[in-house]
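# just need the structure, nothing else, for what follows:
(one chain, ligands or ions: 1)
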Amino acid sequence: MTEAGFTPRVFSGIQPSGNLHLGNYLGALKRFADAQNKGVQSIYCMVDLHAVTVWQDPVELRHSTRELTAGFIASGLDPAKSILFNQSQVAEHTQLAWVFNCVARMGWMQRMTQFKDKAGKNAQNASLGLFAYPALMAADILVYHATHVPVGEDQKQHLELTRDIAIKFNNDFGVDFFPITEPVIEGTGTRVMSLRDGSKKMSKSDPSDMSRINLTDDADTIARKIRKAKTDPEPLPSEVKGLEERPEARNLVNIYAALADMSVDQVMAEVGGKAFSEFKPMMADLAVEKLAPISGEMSRLMQDVNEIDRILAEGAGRARAIAAPILRQTYEIMGMVGPREI
Ligand code: AQP
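A predicted model of the protein is given here:
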């Protein structure tokens, strides 16, 4: 039990909106597997309803949802231990999202930097869904009373909004019904930057494929992308402190540390002072060693999409069994007439 009396439960999700990349792996998937292996009940979701906040081709969405599921399993998520499902199969997410649309304030939503980044200069033409996305994300988490959410740095603001929504709902109705969820943003993999620009996060929507390593890249492509990764002309510094003003060097060292399950201090003790011409091949070997088995397993799993669909449907059934009573209790608290909790 948490201090507030909630059963510890982990929830997180990834959008099936294109290729999985190294940032998704180190910032999310690898850490999801770690959480699962600690024995905490874990619920992981292919958030297809978030993906459609921007245009998705139906054929590609179906493929990406299955490929993402394969990516979860290949990264060590076991459908027998964790609940794996796609969001659109559990209607309670959108039902609770409507309630949260009525709890969240316009001013809160207008402060969300991801909306500003994604909508760009043409915000008037962005979908209403893209604007409301963080309320759906809050519902994804709170419909399971999830207490912990492992995510990358980029999701920190949305997690704060989730907490604000839970606090306001609890205050408005004088209850302690929703937990105040803790973001879990720890370790070297939580902020993987672009290989072309150390000030931008690695992202699937970056137009340059050279900016990211995709989980489906073959060994040669991974090695070429690391070889061409932007760096400065100096060798690596001998101490961690020397990485401070060197975002590209720091990013490569962070990636190495996250892949090797080492701290940045340990990595620097090993590679400090080396030229990039020596460090990059070491890094490429490590990335291939860690990622090739995942990409091989993803291709194998993708040969049987019926099995993937079965896993998602089964996971959705287990997810619904947790979400339905929580939604019913939410409605009850709000004064909606309906069947009572038995
Ligand atoms: N660069 C990153 N470093 C660490 N973690 C990251 N995540 C994403 N990029 C990085 C984490 O991956 C999880 C799933 O993200 P998502 O695919 O649902 O959404 P996203 O953050 O929108 O991913 P992208 O690649 O950045 O997509 P676009 O380009 O569409 O914005 C989250 O836990 C996220 O923190």
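
# alpha carbons only for contacts and neighbour counts from here, please
Will do.

# and the closest residue to L22 other than its chain neighbours, how far is that from A35?
Take L22 and drop its neighbours on the chain: the residue closest to it by Cα to Cα, 6 or more residues apart in numbering is I213, 5.5 Å away. In this view, I213 and A35 are 24 Å apart by Cα to Cα, to the nearest Å.

# the more surrounded of those two?
I213 (26 against 20; other Cα atoms under 10 Å).

# what residues does the stretch 101-250 of the chain have near the ligand?
151-155, 189-193, 201-205 (Cα under 6 Å from any ligand atom).

# now which of the residues you listed would you call buried?
When these are checked for burial by 16 or more other Cα atoms under 10 Å, the buried set is 151-153, 155, 189-193, 201-204.

# turn those residues into a markdown table, columns for secondary structure and pLDDT.
What follows is those, written out as a markdown table (DSSP: H, G, I helix; E, B strand; the rest coil; pLDDT from 0 to 100):
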| residue | secondary structure | pLDDT |
| --- | --- | --- |
| V151 | coil | 89 |
| G152 | coil | 85 |
| E153 | helix | 87 |
| Q155 | helix | 92 |
| G189 | helix | 84 |
| T190 | helix | 87 |
| R191 | coil | 91 |
| V192 | coil | 95 |
| M193 | strand | 96 |
| K201 | strand | 93 |
| M202 | coil | 95 |
| S203 | coil | 92 |
| K204 | coil | 88 |
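
# closest to E314 out of those residues?
Nearest to E314 out of these is V151 (Cα to Cα; 24.5 Å).

# my guess is the closest one meets A28, correct?
Yes. With contact defined as Cα atoms under 8 Å, V151 reaches A28; the gap is 5.7 Å.

# what touches both of these two?
Here V151 and A28 have T190 as joint contacts, going by Cα atoms under 8 Å, 6 or more residues apart in numbering.

# spit out the contact partners of I226.
By Cα under 8 Å, 6+ apart, I226 lies in contact with L195, K280, P281, M283, A284.

# got a list of what F72 touches?
Contacts for F72 (Cα under 8 Å, 6+ apart) come out as L29.

# residues touching T330, list them.
With contact set as Cα under 8 Å, 6+ apart, T330 has no partners.

# one more: the one 4 residues further on?
With contacts defined as Cα under 8 Å, 6+ apart, the neighbours of M334 are F173.

# try 7 Å this time
For M334, the contact set (Cα atoms under 7 Å, 6 or more residues apart in numbering) is empty.

# just the buried residues from the contacts of I226, in PyMOL please.
Buried subset of the contacts of I226, written as a PyMOL selection, criterion 16+ other Cα under 10 Å:
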select buried, resi 195+280+283+284
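
# biggest separation within the contacts of I226, which pair?
Put simply, by Cα to Cα the two of the contacts of I226 set farthest apart are L195 and P281, 14.9 Å from each other.

# run a quick neighbour tally on Q56.
15.

# skip the chain neighbours and tell me the closest residue to it.
Looking at Q56 with Cα to Cα, 6+ apart, the closest residue is S17, at 7.4 Å.

# repeat for D140
Ranked by Cα to Cα, 6+ apart and with sequence neighbours excluded, the top spatial neighbour of D140 is H93, at 5.4 Å.

# now do the helix or strand harbouring that neighbour: everything it contacts.
Secondary structure assigned from DSSP states H and E places H93 in helix 92-103. Around helix 92-103, the neighbours that count as contacts under Cα under 7 Å, 6+ apart are A135, L136, A139, D140, V143, I165, F169, A323, A324, L327.

# how about stretch 186-205?
Stretch 186-205 is contacted by residues 18-19, 21, 23, 26-27, 152-153, 210-212, 229-230, 247-248, 251, 254-255, 257-258 when judged by Cα under 7 Å, 6+ apart.

# 6 Å instead?
For stretch 186-205, contacts defined as Cα atoms under 6 Å, 6 or more residues apart in numbering pick out 23, 26-27, 152-153, 211-212, 229-230, 247-248, 254, 258.

# and the helix or strand of the chain with the lowest mean pLDDT, what's buried?
Ranked by mean pLDDT, DSSP states H and E, the weakest helix or strand in the chain is helix 113-119, scoring a mean of 89. Under the neighbour-count criterion of 16+ other Cα under 10 Å, helix 113-119 has Q114, F115, K116, A119 buried.

# could the residues you listed go into TSV alongside distance to I294?
Listed next are the buried residues of helix 113-119 as TSV, based on distance: Cα to Cα, whole Å:
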residue	distance to I294
Q114	29
F115	32
K116	34
A119	33
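
# spit out the contact partners of L29.
Here L29 is in contact with no residue (Cα under 6 Å, 6+ apart).

# so how far is the first residue of stretch 67-87 from its last?
15 Å.
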